[in-house]
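# Got a sequence here, can you model it:
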Amino acid sequence: MAGIMTPSMCVIGAGPGGLAAATEAARYGASVVLVEHHRIGGESLSYGCIPSKALIAAARRAQAMRDAGKFGLRPVEPEINHRLVHEHVQGVITGILPNMSPERLAGLGVEFVAGAARFKDRGTVLAGDAEIRARRFIIATGSSPATPPIPGIERVPYYTNQTIFGINYRMGHLVVLGGTQVGLELAQAYRRLGSEVTVLEVGSLLPEFDAEMSALAVQRLREEGVRILEKARVERLEQLGQNVQVVFTKDGRSYSIDGTHLLISTGRRPNVEGLNLEAAGVKFDRDGISVSRRMKTSNPRIYAIGDVTGSMTFTHTATHQAGIAVRNAMLRLPLGSNEAGIARAAFVEPELAQVGLTEDEARKSHQRLRILRWPYLENDRARTERSTEGFLKIVATANGRILGAGAVGPQASEVIQLWSLAMQHGVTIRSMADYAAVYPSLTEINKKAASAYFLPSLANPMLRRLVAWLERLG
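Residues are numbered from 1 along each chain as shown. From the prediction side, this is the model:
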């Protein structure tokens, strides 16, 4: 719609966070305008969570065929049709798109405006032919792949997560720059789909996860044939015929690798360009827009959520913050975001998941800790699935307050969610040990690990004497 618009709420960016904010505000009865210059669904739908998990699912089936021997089935090397795998990934995206169409949004009470948003002043946004004068704004423009300043990068072809899902053939040798979560997920997936894969990381792999757990996941990738080089600094990139040559140093020596394809996965940058945030009085820097715990910016009428704030770059973080921002903006509720209780996950196999502090982080700020573990090997459901690699680790204080939890193993991203809920609501170890877990299920590991907190007290001599005395009483 052209002309002047005066909604209660204007949301900029139609990714998962923006969609959640717009639809929640509309449910409260507010008039809402949603602005997006690209595809509805944002990076998560088109280039991020959805296509990567669809690709990972195909790759997991391929690996399951190779591993079928442990179930008494004849293992086979799968015949992979990369064109059909590509169609599978695109089909998943296409299947989700109708849920995010402008027509469906209109039915939910959200008016969609196509165009790039730009602040005119502290209370006005220009987008397409519209001038939007809203009472409140929420910026949810997300982030984009960051391109590292490597000499020669401007002269060689390379892919990011925004472009690699367009490939519908087998890559000969994929070189991945960056051992990030996304980089390792795609490295394992493409290796399982038949490509040679090398990963170069200047630092350590998966630093946001418990080191003991990430080491187990990295070991599996290496066993499956992914070549991983840590502490490798890329010096330059060169075009070598049809290949890309990566020159790097490691342990003081210079090396080179030739790859048919190059994937850049070295981090992300907040999407603040073009918003004219200066005119809106919104403070920001290279790390993103500065916000309070209530997701409010330096302009009290403007909120920001998700990747653009430089917070945890996960879709569920953005949607969680959307609820915080909307309830603060529309209902004036003094709610704050609690990122300590937001879990993070890497969808490699075995999966990695973490919430709160890792053991190393906790030891820096707490003197007395209880570290509780439970292996998947002692979970009956894991045994039936012949998938017993990994463990759950709980970090708690001496009095049972949960500081963090981590899991590496089958469905770790599902197992961790109960601990995320516990941390967000102050649930103690005792309550986690008391709940009735479905048997047999992988999540029973949560109850077992929590129950381990009480094992030392069961050996207390006074408790044993009490039990013996009660037995004598009949």
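
# Give the phi and psi angles for the nearest residue to Ala398 once chain neighbours are set aside, as a check.
Distances taken as Cβ to Cβ, 6 or more residues apart in numbering place Arg368 nearest to Ala398, at 4.3 Å, with adjacent residues excluded. Any C-beta I mention is one placed from the backbone N, CA and C, and that applies to glycine too. Per-residue torsions, Arg368: phi -110, psi 120 (degrees, to the nearest 10).

# how close does Arg368 sit to Arg386?
39 Å (Cβ to Cβ, to the nearest Å).

# Settle it for me: which of these two has more neighbours?
More crowded of Arg368 and Arg386, by other Cβ atoms under 10 Å: Arg386, with 11 against 7.

# Now the more buried one, what are its backbone angles?
phi 50, psi 40.

# Angles on the backbone of the residue lying closest to it once chain neighbours are set aside, please.
In space, and not counting its chain neighbours, Arg386 is closest to Lys70: 4.7 Å by Cβ to Cβ, 6+ apart. Main-chain dihedrals, Lys70, degrees, to the nearest 10: phi -70, psi -10.

# List the buried residues of stretch 340-354.
For stretch 340-354, a neighbour-count test (16 or more other Cβ atoms under 10 Å) marks 341-354 as buried.

# now do stretch 448-457
Lys448, Ala449, Ala450, Ser451, Ala452, Tyr453.

# hang on, Glu349 in a helix?
No. Under DSSP: H, G, I helix; E, B strand; the rest coil, Glu349 falls outside any helix and is assigned coil.

# I'd like the distance between it and Ser143.
Counting by Cβ to Cβ, the gap from Glu349 to Ser143 is 26 Å.

# Ok, Arg430 next?
The gap separating Arg430 from Ser143 is 40 Å, by Cβ to Cβ.

# do the same with Val32
Counting by Cβ to Cβ, the gap from Val32 to Ser143 is 23 Å.

# Looking at those two, which has the bigger crowd around it?
Shown here are Val32 and Ser143; by other Cβ under 10 Å, Val32 has more neighbours (28 against 21).

# Find out how far stretch 429-438 is from the centre of the chain, if you would.
27 Å (Cα atoms, centre = their mean, to the nearest Å).

# Could you pull up the mean pLDDT of it?
For stretch 429-438, mean pLDDT is 94.

# what's the first-to-last distance across that stretch?
18 Å (Cα to Cα, to the nearest Å).

# quick one: contacts of it?
372, 394, 396, 400-402, 418-419, 422, 443-444, 446-447, 450-451, 453-454 (Cβ atoms under 8 Å, 6 or more residues apart in numbering).

# gap between the residue lying closest to Val234 once chain neighbours are set aside and Asp307?
The shortest distance from Val234 to any non-neighbouring residue, by Cβ to Cβ, 6+ apart, is to Phe248 (4.7 Å). Counting by Cβ to Cβ, the gap from Phe248 to Asp307 is 29 Å.

# more neighbours, the two?
Applying other Cβ under 10 Å to Phe248 and Asp307 shows that Asp307 carries more neighbours, namely 29 against 20.

# so the more buried one touches Thr313, yeah?
Yes. In this structure, Asp307 is within contact of Thr313 by Cβ atoms under 8 Å, at 4.9 Å.

# Using the three-state scheme, assign Ala25.
Going by three-state DSSP: Ala25 is helix.

# is it true that it touches Met330?
Yes. Counting by Cβ under 8 Å, Ala25 does reach Met330; the two are 5.9 Å apart.

# Spit out the residues that contact the two alike.
Here Ala25 and Met330 have Ser8, Met9 as joint contacts, going by Cβ under 8 Å, 6+ apart.

# These two: which is more packed in?
Neighbour totals were compared for Ala25 and Met330, and Ala25 leads with 28 against 19 (other Cβ under 10 Å).

# my guess is Arg373 is in a helix, correct?
No. Using three-state DSSP, the secondary structure at Arg373 is strand, not a helix.

# Adjust the sequence numbering to begin at 39 for everything that follows.
Let's use 39 as the start, then, which means that last one is Arg411.

# any idea how far it is from Leu493?
Arg411 is 11 Å from Leu493, by Cβ to Cβ.

# Settle this for me: Gly428 is touching Glu416, isn't it.
No. Gly428 is beyond contact range of Glu416, at 11.5 Å (criterion: Cβ under 8 Å).

# Work out which residue lies at the spatial centre of this protein.
Compute the mean C-alpha point of the chain, and by Cα atoms, centre = their mean the closest residue is Phe352, 4.0 Å away.

# can you tell me which residues contact that one?
Counting by Cβ under 8 Å, 6+ apart, Phe352 has contacts Ile380, Arg382.

# can you rerun that using 7 Å?
Residues in contact with Phe352, defined by Cβ atoms under 7 Å, 6 or more residues apart in numbering, are Arg382.

# Please determine how far it is located from Asp289.
34 Å.
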